[in-house]
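Asker: just need the structure, nothing else, for what follows:
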Amino acid sequence: CAAEVEMVERLRRLAPVSRVKETVESFSGFGSRVAGYPGAKKAALHVQQSFAEIDLESITVHKYDVSIPVEKGGHLQLEGGGEGERIRLFGLWPNLVRTSTLPEGGIEGQLVDVGKGEFSDLDGLDPEGAIALMDFNSGDNWLNCAYLGVAAVIFVEPDSTVYLEGERKFLTMPLDLPRFWVSKADGEFLRVQLATGDSLRAHLEYRMDWERRPAWNIMGVIPGYDPLLRNDTIVLESYYDAMSVVPELAPGAEQASGITALLELARYFRENPPARTVVFLATSAHHLGLRGVDDFIQRYLRKEEPFIDRMLIRRVVEASLAQGLIENEGVIYRLGEREFYGKEGLIREVDQADTDLVKAVLESAIEAGEGEGGLEESGSGRWAIFGQEFESRQELEAELLDDEDLRLDFYRAWVDPKVDSLDVKLFVSLDLSSQTDELGIWNSNSSFYYKRYFAPFGKNFMNYARRISRDLGYDYRDVLANGISPEGGKSWATFVPGEI
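Answerer: The predicted structure is shown next:
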């Protein structure tokens, strides 16, 4: 009917295909977006700029640290070949903590083509100490080469592949077997050389180091228009980083689907203000243990024991960084005479055995004037805080260092006016794909005790799906799958084509 056609056309105008395509191309054009890589930093700046262009309010950037394997470069050179014939090597994701770094000076070995790495492909070859050239789409057959003593494995770029192929190219144990990736053209060149029947030796050099690098969450807000509901906060989140089994090669076009949708939703709600306040949260390090989401939770949502005091310390550290009480350069943090590698190490120290930050915050509060941090000057060098009086500043400082409860109360009074807080009622994370037009709602907790709290969300969203599908003329089961409490005793995995 005409009304249905008009609604579909209106939806298309809300998120035009050309703009969606342009956004995905922008993110995938930054280079590798693995958290900590330069492409991820470019993506963070792009998100921040996009939030500003959409005119979101209270745009905030939160920095945290991640540990990542960083590509330092490497090459393969055939025996007798010149420097101009070097082939670029890209390292694969480490086996647990063991990267594909080679000894100084590299390694040498016989180059052998093992095809897909089946034992039958290895018949007639001498794999001991050899460098194996292998099809990437070969599952975990590279382990066959490991069993037979190869020195390294080089995978050849395929025409296409699937997620599970990448998952099978690294282990959760520190097996010392270097694994590399070469382009399809370079792989074909090597195979042509091997096809001549001549024996080929190759020299490999490569390095990949674990490093601590910064990553960022970016937040933007659209305040709710309803005075009774605007203090209720809905968080819409998606990640903007990417991941690949080859960290240096992670443009992440497919993985840009979620952040692209988040930006489109921000545009929609900017033009159609919500009753409740909506926070748009773009996170990084999604593929590193949800590090970005974890940082948000630690800042805003840990409001129960024993996390609440740690959350307070984290907020004090953030406010101290903003006021220059703690110096920061990259992932190096300086507090007094001490230096910390990574923010989490600093927070642990402040939480467990700190004196320097107490003194710095006290100095800042005194300089700011009466009332800061609950302090009151009684005259003649006397000070009062929360009804307790002290003969001198030194006595007050000593009591703050000795009395943990008083110190936490002081921190809380000092930091609360300096940092924002959120009363989050609903947190929705987007993890989308362009490979299907179906949506699913899911909660990752498998405990029945906790799952019962999320089951009503599944039912509510299915009711929304029924209304939308009725308006658009769809079957509601084609619009949304309920993965929280699936029908017919199914599990969430039923809806996913492959392992989660």
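Asker: start and end of stretch 134-142, how far apart?
Answerer: According to Cα to Cα, to the nearest Å, stretch 134-142 extends 8 Å from its N-terminal end residue to its C-terminal end residue.
Asker: same question, stretch 333-353
Answerer: So stretch 333-353: terminal residues 16 Å apart, Cα to Cα.
Asker: now that stretch: mean pLDDT?
Answerer: Model confidence over stretch 333-353, given as mean pLDDT, is 87.
Asker: swap in stretch 286-294?
Answerer: 94.
Asker: how about that stretch: buried residues?
Answerer: Residues H286, H287, L288, L290, R291, G292, V293 are the ones in stretch 286-294 that count as buried (16 or more other Cβ atoms under 10 Å). Quick note: C-beta positions are derived from backbone N, CA and C, even for glycine.
Asker: tell me the one among these nearest to M311.
Answerer: Nearest to M311 out of the buried residues of stretch 286-294 is V293 (Cβ to Cβ; 15.1 Å).
Asker: find the residue ranges of this protein scoring beneath the pLDDT cut-off.
Answerer: Segments of the chain classed as low confidence (criterion: pLDDT under 70) are 1-5, 7-8, 81-84, 305-306, 370, 418-419, 489, 492-493, 495-500.
Asker: let's go with 50 and repeat that
Answerer: Low-confidence regions of the chain, defined by pLDDT under 50, span residues 499-500.
Asker: from the centroid of it, which residue is nearest?
Answerer: The C-alpha lying nearest the average C-alpha coordinate of the chain belongs to A285 (Cα atoms, centre = their mean; 1.4 Å).
Asker: okay, and that residue sits in which element?
Answerer: Secondary structure from DSSP states H and E places A285 outside every helix and strand.
Asker: quick check, it in contact with V34.
Answerer: No: counting by Cβ atoms under 8 Å, A285 sits too far from V34 to count as a contact (9.0 Å).
Asker: what touches both of these two?
Answerer: Residues touching both A285 and V34 by Cβ atoms under 8 Å, 6 or more residues apart in numbering: D241.
Asker: follow-up on the earlier one: contact partners for the residue nearest to the centre of the chain?
Answerer: Residues in contact with A285 (Cβ under 8 Å, 6+ apart) are A35, G36, Y64, V66, A215, Y239, D241, R291, G292.
Asker: C-terminal to the helix ranked longest in the chain, what's the next element?
Answerer: Determined from DSSP state H, the single longest helix within the chain is helix 448-472. Using DSSP H and E, the next helix or strand after helix 448-472 towards the C-terminus is helix 476-479.
Asker: what is the next helix or strand after that following helix packed up against?
Answerer: Past helix 476-479, heading to the C-terminal end, the next element that is a helix or strand (DSSP H and E) is strand 480-482. Counting contacts by 3 or more Cβ pairs under 8 Å, 6 or more residues apart in numbering; DSSP states H and E, strand 480-482 packs against strand 439-441, helix 448-472.
Asker: determine the number of other residues adjacent to R213.
Answerer: Counted by other Cβ atoms under 10 Å, the residues lying close to R213 total 19.
Asker: can you tell me the element the residue nearest to it when sequence neighbours are not counted falls in?
Answerer: If you skip the residues right next to it in sequence, R213 has G36 as its closest partner in space, 3.5 Å away by Cβ to Cβ, 6 or more residues apart in numbering. Under the assignment given by DSSP H and E, G36 is not contained in any helix or strand.
Asker: rewinding a little: helices and strands around the longest helix of the chain, which ones?
Answerer: Here helix 448-472 is seen to pack against helix 2-14, strand 439-441, helix 476-479, strand 480-482 when contacts are counted using 3+ Cβ pairs under 8 Å, 6+ apart.
Asker: mean neighbour count and distance to G105 for these - can I get that in CSV?
Answerer: Conversion of the helices and strands packed on helix 448-472 to CSV gives the following (neighbours: other Cβ atoms under 10 Å; distance: least, Cβ to Cβ, whole Å):
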stretch, mean neighbour count, distance to G105
helix 2-14, 10, 59
strand 439-441, 17, 52
helix 476-479, 16, 60
strand 480-482, 21, 55
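Asker: among these, which is nearest S50?
Answerer: Of all the helices and strands packed on helix 448-472, helix 2-14 sits nearest to S50, with 16.3 Å by Cβ to Cβ.
Asker: helix or strand right after that closest one?
Answerer: In N-to-C order, the element after helix 2-14 by DSSP H and E is helix 17-28.
Asker: buried by neighbour count: which residues of that following helix qualify?
Answerer: By 16+ other Cβ under 10 Å, the buried positions in helix 17-28 come out as V20, T23, V24, F27, S28.
Asker: okay, now the nearest residue to the first one once chain neighbours are set aside: neighbour count?
Answerer: What sits nearest to V20 in space, not counting adjacent residues and going by Cβ to Cβ, 6+ apart, is T260, at 5.8 Å. Applying the criterion other Cβ under 10 Å, we find 23 residues in the vicinity of T260.
Asker: off-centre distance for the strand or helix carrying T260?
Answerer: Using DSSP H and E, T260 sits within helix 257-271. For helix 257-271, the distance from its own C-alpha centre to the chain's C-alpha centre is 19 Å (Cα atoms, centre = their mean, to the nearest Å).
Asker: that one versus helix 17-28: what angle between them?
Answerer: Direction vectors for helix 257-271 and helix 17-28, defined by axes from the mean of the first three to the mean of the last three Cα atoms, to 10 degrees, enclose an angle of 130 degrees.
Asker: export helix 257-271 to PDB, keeping only CA atoms.
Answerer: Once non-C-alpha atoms are left out, helix 257-271 reads as follows in PDB (Å, rounded to 0.1, in the frame of the first residue of the first chain):
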ATOM      1  CA  SER A 257      29.000  -1.900  10.700                       C
ATOM      2  CA  GLY A 258      28.300  -1.200  14.300                       C
ATOM      3  CA  ILE A 259      29.900   2.200  14.700                       C
ATOM      4  CA  THR A 260      28.300   3.200  11.400                       C
ATOM      5  CA  ALA A 261      24.900   2.300  12.800                       C
ATOM      6  CA  LEU A 262      25.700   4.200  16.100                       C
ATOM      7  CA  LEU A 263      26.400   7.400  14.100                       C
ATOM      8  CA  GLU A 264      23.200   7.000  12.200                       C
ATOM      9  CA  LEU A 265      21.200   6.500  15.400                       C
ATOM     10  CA  ALA A 266      22.900   9.600  16.800                       C
ATOM     11  CA  ARG A 267      21.700  11.600  13.800                       C
ATOM     12  CA  TYR A 268      18.200  10.200  14.200                       C
ATOM     13  CA  PHE A 269      17.900  11.100  17.800                       C
ATOM     14  CA  ARG A 270      19.400  14.600  17.200                       C
ATOM     15  CA  GLU A 271      16.500  15.300  14.900                       C
END
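Asker: strands of the stretch 351-500 of the chain, start to end?
Answerer: All strands of the stretch 351-500 of the chain, identified by DSSP state E, counting those that start in this stretch, fall at 375-379, 382-385, 388-390, 424-430, 439-441, 480-482.
Asker: which strand or helix spans V278?
Answerer: In this structure, V278 is located in strand 277-283 according to DSSP H and E.
Asker: any chance of the buried residues of helix 17-28 in JSON lines with distance to E165 as columns?
Answerer: Supplementary listing: the buried residues of helix 17-28 in JSON lines, determined by distance: Cβ to Cβ, whole Å:
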{"residue": "V20", "distance to E165": "28"}
{"residue": "T23", "distance to E165": "28"}
{"residue": "V24", "distance to E165": "23"}
{"residue": "F27", "distance to E165": "23"}
{"residue": "S28", "distance to E165": "20"}
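Asker: what is the nearest of the residues you listed to M311?
Answerer: Distance to M311 across those (Cβ to Cβ) is lowest for F27, with 31.6 Å.
Asker: cheers, nothing more for now.
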